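# turn this into a structure:
(2 chains)
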Amino acid sequence: DVKVTQSSRYLVKRTGEKVFLECVQDMDHENMFWYRQDPGLGLRLIYFSYDVKMKEKGDIPEGYSVSREKKERFSLILESASTNQTSMYLCASSLLSPRSGSNTYEQYFGPGTRLTVT
Amino acid sequence: GENVEQHPSTLSVQEGDSAVIKCTYSDSASNYFPWYKQELGKRPQLIIDIRSNVGEKKDQRIAVTLNKTAKHFSLHITETQPEDSAVYFCAARGYRDMGRRALTFGSGTRLQVQP
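Numbers count the residues shown, from 1 in each chain, chains lettered A, B, ... in the order given. Prediction:
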C-alpha cells in the first residue's frame, strides 16, 4: 500500500555534481514537501509546493531548488552538491485542507533517500 | 517564524510505565499540532494530532494535551510496550513567509521501553 515513493533509497555523489531527487505520490494531494533529517535536528523543511509550478521556501532552502511540473511529482535539485548536504532526505504530501468530517492535515512520508556526498 | 522545542531528547522507561514528551512553540497563530512516530529505518507516521480549538485528545493508550496560553503541548503514552520504542516528533503548523502554513518539527525524542 505504498502511496509516496522516492526515486532512490541510497545515493552517492561527488562534490560539485548536480543531484536530482524525485518524489511521486498517488493520493492526488495538493501539498508536497521536502525535508532533510539529521540526528538531533529533527525534520527541517527545505521547500514545499501547494500547487503545480508553485513553490515556497522552507527553513533551509540555501543550496537547493525544486520543481513541480505535475501534481503527483515533486523534485529536489542540488545544483552543486557539497559534503554538508550529506543527509537523509524525506518527501511528504498532504491535502491542502482536511476532507469533510476530518480535522487532520496528515502528511504521508516517502521512505527517504540517504544521500552521501564525497 | 515558528520555533518548536522538544524535550527530553532521550527517554527510557520500564515496560508498563507511562512516558511523557513535551513541546513548546512560539507562534500563537499555529493551529494544528501532530505527533509522528518513526521506527528504526522506517518513515515517520502520524500517531495523533490536535487542533488548536481542542484541549485534549485520546486514542487508546496515547493522548495529547494542548495549553494554548502557555504555548505547549504534550504526548502521553500509558502502559508502554516494547513496540512503542521509536523516535517521536512533535510539530506545529504555522505561517511561513508568503502566508502559507507548513509544519515546523521538534528535534525528536528517542523513547526506549525496557522489557
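
# and A:Gln107, what does it touch?
Contact analysis of A:Gln107 by Cβ atoms under 8 Å, 6 or more residues apart in numbering or on different chains lists A:Asn31, A:Phe33, A:Ala92, A:Ser93, A:Ser94, B:Pro34, B:Leu46, B:Leu103. Just so you know, the C-beta spots here come from the backbone N, C-alpha and C atoms, and that holds for glycine as well.

# from the contact counts, what lies against whatever helix or strand the third one lives in?
Secondary structure from DSSP states H and E places A:Ala92 in strand A:87-94. Under the contact definition 3 or more Cβ pairs under 8 Å, 6 or more residues apart in numbering or on different chains; DSSP states H and E, strand A:87-94 sits against strand A:4-6, strand A:19-25, strand A:31-38, strand A:73-78, strand A:108-109, strand A:113-117.

# okay, now B:Leu11: neighbour count?
17 (other Cβ atoms under 10 Å in any protein chain shown).

# same check, this time on A:Tyr89
24.

# okay but A:Lys70 is in contact with A:Val52, surely?
Yes - here A:Lys70 reaches A:Val52: they are 6.6 Å apart, a contact under Cβ atoms under 8 Å.

# the two: who's more crowded?
A:Val52 (13 against 10).

# pLDDT weak spots in chain A?
A:1-2, A:103 (pLDDT under 70).

# quick check, central residue of it?
A:Trp34 (2.4 Å; Cα atoms, centre = their mean).

# quick revisit: pull up the pairing partners for the strand holding A:Ala92, direction included.
Applying DSSP bridges to the sheet, strand A:87-94 is found paired with strand A:31-38 (antiparallel), strand A:108-109 (antiparallel), strand A:113-117 (antiparallel).

# distance between it and the chain's centre?
Strand A:87-94 sits 4 Å away from the centroid of its parent chain (Cα atoms, centre = their mean, to the nearest Å).

# in chain B, which residue is most central in space?
Centroid-nearest residue in chain B, with Cα atoms, centre = their mean: B:Cys90, separated by 3.2 Å.

# sorry, back to before: out of the strands paired with strand A:87-94, nearest to B:Thr69?
strand A:31-38 (29.6 Å; Cβ to Cβ).

# kindly export that closest one (C-alpha atoms) in PDB.
Output of strand A:31-38 as PDB, limited to C-alpha atoms (Å, rounded to 0.1, in the frame of the first residue of the first chain):
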ATOM      1  CA  ASN A  31       0.800  19.900  -1.000                       C
ATOM      2  CA  MET A  32       4.200  18.300  -1.300                       C
ATOM      3  CA  PHE A  33       7.200  18.800   0.900                       C
ATOM      4  CA  TRP A  34      11.000  18.100   1.000                       C
ATOM      5  CA  TYR A  35      12.700  17.700   4.400                       C
ATOM      6  CA  ARG A  36      16.200  16.700   5.500                       C
ATOM      7  CA  GLN A  37      16.600  14.700   8.600                       C
ATOM      8  CA  ASP A  38      19.800  14.900  10.600                       C
END
